[in-house]
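1. One predicted model, sequence on top.
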Amino acid sequence: MRASQHIPSQPVGFSPRNRDAPNVPAFCGLNIAVKTTSKLDKYPAKQHALRVAQALNVDQGLIYLSGTQTVNWPDSDQPRAFRQARYFLYLSGCGESDCFLTYDIASDKLVLWLAEIDPRKVVWTGRGSNVQEALDKYDIDEARFTPSLEHFLKKWASQDEGKLYLLHHNDALSKRFSSRINTKDLQPAMDKCRVIKDSHEVALVKKANQISAAAHEMVLRKLRSFKNEAQVEAEILEVCVAHGAKHQAYDIIAGSGSNAAVLHYTKNDEDFGDREMMCLDAGAEWQGYAADVTRTFPLSGNWPSTESKQIYDLVQRMQTKCMNMLGPGKRFVDAQYLAHMVAIEGLLELGIFHNGSKMDIYKAGTSVAFFPHGLGHHMGLEVHDVSTVLTKSSATHADNGVASEIIQHIPNAETHEELRSLSANIVPEVWTSALSETGAPGLQPGMVITCEPGIYFNREALETVFLPSPVHSKYINKSVLERFMPVGGVRIEDDLLITENGWENLTTAAKGEAALKIIRGEA
C-alpha cells in the first residue's frame, strides 16, 4: 500500500541565507543552502532530475515527490516495514522515511525535505539526517526540514507560472493549486529515464548480483545437509544480511518437487522427502536495486533421472539461443517467439508433444501449458521494473503473463479464453510482459533485463485446462508426460545489461554442471 502524500501541517517560515554560509541554529538548523564536497560515491540524483526535466520537455515547473511515510499496522503501535518509494529514491538517493523532494526546473534546484528531528524520539528510534549530513550524503542542492515545505510551495506558486508535477492525485495540494497540478506527464517521463540505467545504477545491480551469487553458492554447499525448503530460505537470508543486504528484492522461491512448478511459490515450508529437484529463485536488494536470479538443480547433486537432465538441457538451450539473439535494436518479442519454438521442438523430440508440427502446436497455444510466462522483464529499482511500453499499456492486462504475441497468433477463440483463464489463475499480473507487445521498441544500451525461460509440469494446470481440451490434448502424449511429472519445474534466469555491442551478463551464480560440482563438494 502506498502512503498518501501530504503537506506538513505546521509550516515554519524560511528566510534565504547567504549560499556560502551554513545556517545551523538551535538543535539542527532549518536549512543550509551550501553544497559541500564529499568523497562519498553519491547516487546521481541530480543527473536523474535533469534527465526527467528533459523528458518532460518544459522550461519551468516544480516536481514534487513524497518518500514513504511512517505508517503503523492497523490496530497496532508497530510500524509497517519501511520500503522507500521508488520514484522518490530515483530523484533523491535518500533511503530515509518521512521525506519529500522538490525540483525546480527553471532554477535547476533539487531540494530534499527532511523529517524534522524530535529530541523526544531520538532515544527511542534514533534520528534521520540533519541538514549538513544530508548534503554530505546525497546529490542535492539544498536540504531543509519539512515544516517549511508548505511555505516554500506557496512562495514558488506566487513566483512561477509552471505546473506542479505529481505522480498521483493529492487532495491537499489540489485544493491549494488546482489549476497548476499535472499528474499526467511525470510518471511517463520518469519511466522513460528509469528504463535506461547509468553506470552507477548498473554498479548497484552488479553488487546485488554478487551478494545473491554468494547466497546461492552457500545453499549449494550446504544442500545435502538440508532437509526442507525452509533451511534453503534461511541460508539465503543469512548470507545476504551478513553481506549488508537486509532486504530481498522479492519473496524467496525455494520450491522442491512439484512446488517447482508453481511460478511464485513462496511458502517454502515443506520437507524434501523423496523429491528430486529444486527451483531456487532468490535475489538480494542493494541500495534499492534488485537482482533476480533463478537456478534449478537436483537435490542430491546428481541427475536423478534421464528426464530431469533432458528438461534442464532443454531450458538451457532455450536460454542460450534467446540470449544469443538479444542486443541493441533487437525486439524482445522475437526472443519470446524463439523461446516457444525451441521449447516446442524440444518437447517434440522428447515425445511429450506429438501429432502436430511446431507451428500447429504454437498456433494452438499448447506450448503455454509448459511455458506459461514471459521470457523476461526490465529490472532496476523494482525487480519487475518500469518500461515505457508498460506505461503506455498499463491499463490492459488481458493476457496476465502469456505473451500477447502468442495469443494474437492463435486462431481459436476458445483457446484465447482458456489461455487467459490459465494465466489469471497461475500467473500473477506482474508477470505481464509489455516487452512482448508487437509494437515494443527495440532494446537499447543501458537497459537491464532478465532472460528466464522455463519448462513446468504443473499437474493442476494440465489436468484442469489443457488435457480436457480437444484443442490441446491431441498434441500432448499423456503416457510420456507422466514420466516427466516428477521433474516439477525448471527455470534458469540471468540479468543482462544491454550494451552497445550486445549484452553483459551481470549474474555470476553458478549453474549447470558447475553448480552440481559445488553440491557434491567437488568445487
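-> Okay, I see it.
2. Please verify my assumption that residue 336 contacts residue 373.
-> No: here residue 336 lies out of contact with residue 373, judged by C-beta atoms under 8 Å, at a distance of 10.1 Å. For every residue, glycine as well, the C-beta is placed using N, CA and C.
3. you'd agree residue 465 is in a helix?
-> Yes: judged by DSSP: H, G, I helix; E, B strand; the rest coil, residue 465 forms part of a helix.
4. Roughly how far does it sit from residue 487?
-> Residue 465 sits 19 Å away from residue 487, going by C-beta to C-beta, to the nearest Å.
5. Settle it for me: which of those two has more neighbours?
-> Each of residue 465 and residue 487 has its neighbours counted (other C-beta atoms under 10 Å); residue 487 has more, 26 against 20.
6. Please look at the more buried one and residue 307 and confirm they touch.
-> Yes: in this structure, residue 487 is within contact of residue 307 by C-beta under 8 Å, at 5.8 Å.
7. For residue 158, pull up the helix or strand it's in.
-> Element membership of residue 158, judged by DSSP states H and E, is helix 149-159.
8. tell me which residues in that helix are buried?
-> 149-150, 152-153, 156 (16 or more other C-beta atoms under 10 Å).
9. for the residues you listed, which one is nearest residue 264?
-> Within the buried residues of helix 149-159, the smallest distance to residue 264 is 39.4 Å, found for residue 149 (C-beta to C-beta).
10. need the contact list for residue 236.
-> 215-216, 219, 248, 252, 254, 280, 282 (C-beta atoms under 8 Å, 6 or more residues apart in numbering).
11. Adding distance to residue 182 and pLDDT, write those out as JSON lines.
-> Putting the contacts of residue 236 into JSON lines (distance: C-beta to C-beta, whole Å; pLDDT from 0 to 100) gives the following:
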{"residue": "215", "distance to residue 182": "43", "pLDDT": "99"}
{"residue": "216", "distance to residue 182": "44", "pLDDT": "99"}
{"residue": "219", "distance to residue 182": "48", "pLDDT": "99"}
{"residue": "248", "distance to residue 182": "35", "pLDDT": "98"}
{"residue": "252", "distance to residue 182": "40", "pLDDT": "98"}
{"residue": "254", "distance to residue 182": "45", "pLDDT": "99"}
{"residue": "280", "distance to residue 182": "44", "pLDDT": "99"}
{"residue": "282", "distance to residue 182": "40", "pLDDT": "99"}
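12. Dump those residues into CSV; add distance to residue 441, neighbour count and secondary structure as well.
-> Output for these, formatted as CSV (distance: C-beta to C-beta, whole Å; neighbours: other C-beta atoms under 10 Å; DSSP: H, G, I helix; E, B strand; the rest coil):
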residue, distance to residue 441, neighbour count, secondary structure
215, 35, 30, helix
216, 33, 28, helix
219, 38, 26, helix
248, 31, 21, strand
252, 33, 22, coil
254, 36, 29, strand
280, 33, 28, strand
282, 31, 28, coil
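13. Farthest-apart pair in the residues you listed, please.
-> In terms of C-beta to C-beta, those reach their longest pairwise distance at 219 and 248, which sit 13.8 Å apart.
14. What about residue 241, how many residues nearby?
-> Neighbours of residue 241 under the rule other C-beta under 10 Å: 15.
15. Are we agreed that it is in a helix?
-> Yes: counting by three-state DSSP, residue 241 is part of a helix.
16. circling back: determine the set of other helices and strands touching the helix holding residue 158.
-> Judged by 3 or more C-beta pairs under 8 Å, 6 or more residues apart in numbering; DSSP states H and E, the packing partners of helix 149-159 are strand 61-66, strand 100-104, helix 171-177.
17. Could you export these as JSON lines, including distance to residue 341, mean neighbour count and mean pLDDT?
-> Below are the helices and strands packed on helix 149-159 laid out as JSON lines (distance: least, C-beta to C-beta, whole Å; neighbours: other C-beta atoms under 10 Å; pLDDT from 0 to 100):
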{"stretch": "strand 61-66", "distance to residue 341": "44", "mean neighbour count": "24", "mean pLDDT": "97"}
{"stretch": "strand 100-104", "distance to residue 341": "47", "mean neighbour count": "23", "mean pLDDT": "98"}
{"stretch": "helix 171-177", "distance to residue 341": "51", "mean neighbour count": "14", "mean pLDDT": "83"}
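18. what residue lies at the spatial centre of the protein?
-> Of all residues in the chain, the one closest to the mean position by C-alpha atoms, centre = their mean is residue 383, 1.2 Å from it.
19. Assess the claim that that residue and residue 292 are in contact.
-> Yes: under the criterion of C-beta under 8 Å, residue 383 makes contact with residue 292 at 5.3 Å.
20. Can you give the domain ranges for this structure?
-> The record, using automatic domain parsing to delimit domains, assigns the chain the ranges 31-193, 199-519.
21. ranking the ones you listed by mean pLDDT, which is last?
-> Here those differ in mean pLDDT, and the lowest is domain 199-519 at a mean of 88.
22. quick one: it to chain centroid distance?
-> 14 Å (C-alpha atoms, centre = their mean, to the nearest Å).
23. Between its first and last residues, how far does that domain reach?
-> One end of domain 199-519 sits 35 Å from the other (C-alpha to C-alpha, to the nearest Å).
24. next one: stretch 283-296
-> 14 Å.
25. Same question for stretch 259-279.
-> Start-to-end, stretch 259-279 (C-alpha to C-alpha) is 8 Å.
26. now do stretch 262-281
-> Stretch 262-281: ends 12 Å apart by C-alpha to C-alpha.
27. what ranges do the strands span in the stretch 351-500 of the chain?
-> Along the stretch 351-500 of the chain, counting by DSSP state E, counting those that start in this stretch, strands occupy 448-451, 454-456, 489-491, 494-498.
28. Please produce JSON lines containing the ones you listed, extended by mean neighbour count and distance to residue 175.
-> Listed next are those as JSON lines, based on neighbours: other C-beta atoms under 10 Å; distance: least, C-beta to C-beta, whole Å:
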{"stretch": "strand 448-451", "mean neighbour count": "26", "distance to residue 175": "40"}
{"stretch": "strand 454-456", "mean neighbour count": "26", "distance to residue 175": "50"}
{"stretch": "strand 489-491", "mean neighbour count": "25", "distance to residue 175": "49"}
{"stretch": "strand 494-498", "mean neighbour count": "23", "distance to residue 175": "44"}
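29. Between the ones you listed, which one is closest to residue 92.
-> When the strands of the stretch 351-500 of the chain are compared (using C-beta to C-beta), the closest one is strand 448-451, at 20.7 Å.
30. Which neighbouring elements make contact with the closest one?
-> Packing partners of strand 448-451 (3+ C-beta pairs under 8 Å, 6+ apart): helix 306-325, strand 494-498.
31. Can you name the residues in contact with the host helix or strand of residue 192?
-> Assigned by DSSP H and E, residue 192 falls within helix 186-194. For helix 186-194, the surrounding residues in contact (C-beta under 8 Å, 6+ apart) are 48, 51-52, 55-56, 63, 87, 90-91, 165-167, 380-381, 385-388, 390-392.
32. Just the buried ones from the residues you listed, in PyMOL syntax?
-> Selection command for PyMOL covering only the buried members of those, criterion 16+ other C-beta under 10 Å:
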select buried, resi 48+51+52+55+56+63+87+90+91+165+166+167+380+381+385+386+387+388+390+391
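33. rewinding a little: of the helices and strands packed on helix 149-159, give the one that comes closest to residue 224.
-> Closest of the helices and strands packed on helix 149-159 to residue 224 is strand 61-66, at 48.7 Å (criterion: C-beta to C-beta).
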